[in-house]
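1. Fold the following.
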Amino acid sequence: MRQILDDTKFNEIIANIQFDGKLFANKKPQVKAKGKVLKFDYNNYTFNNIDLDGSYENGTMEGKFAIDDPNAKIDL
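-> Below is the predicted model of the structure:
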């Protein structure tokens, strides 16, 4: 992530995520992602227990994003 986004605040990521998608000529991609991020280091803080289950299609994102971390509880 550090190299892709050119952001030195990204550090270690430990995850188990399954991706499925399609690329089309002259269209936006279709992508589905489902899994868990066990550990995500950003800006000297480690986030834990992030669940992802969503899709990106026709420029729209839909799905679930949840964090169950001691310092952040989010369920979208």
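2. which SSE is the most centrally placed residue in the chain in?
-> Most central in the chain under C-alpha atoms, centre = their mean is residue 52, positioned 6.5 Å from the mean C-alpha point. In this assignment (DSSP states H and E), residue 52 forms part of strand 45-57.
3. For that strand, name the packing helices and strands.
-> strand 30-42, strand 60-69 (3 or more C-beta pairs under 8 Å, 6 or more residues apart in numbering; DSSP states H and E). All C-beta atoms are positioned from the backbone trio N, CA, C, and that covers glycine.
4. Highest mean neighbour count out of those strands?
-> Comparing the helices and strands packed on strand 45-57 by mean neighbour count (mean count of other C-beta atoms under 10 Å), strand 30-42 comes out on top with a mean of 15.
5. Pull up the pairing partners for it, direction included.
-> According to DSSP bridges, strand 30-42 forms sheet pairs with strand 10-22 (antiparallel), strand 45-57 (antiparallel).
6. export the ones you listed to JSON lines and tack on distance to residue 63?
-> Shown next, in JSON lines, are the strands paired with strand 30-42 (distance: least, C-beta to C-beta, whole Å):
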{"stretch": "strand 10-22", "distance to residue 63": "12"}
{"stretch": "strand 45-57", "distance to residue 63": "2"}
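7. hey, which of the ones you listed is tucked in deepest?
-> Highest mean neighbour count among these (mean count of other C-beta under 10 Å): strand 45-57, a mean of 15.
8. Identify the residues contacting that strand?
-> Under the criterion C-beta atoms under 8 Å, 6 or more residues apart in numbering, residues 17, 28-41, 61-72 lie in contact with strand 45-57.
9. Thanks a lot, catch you later.
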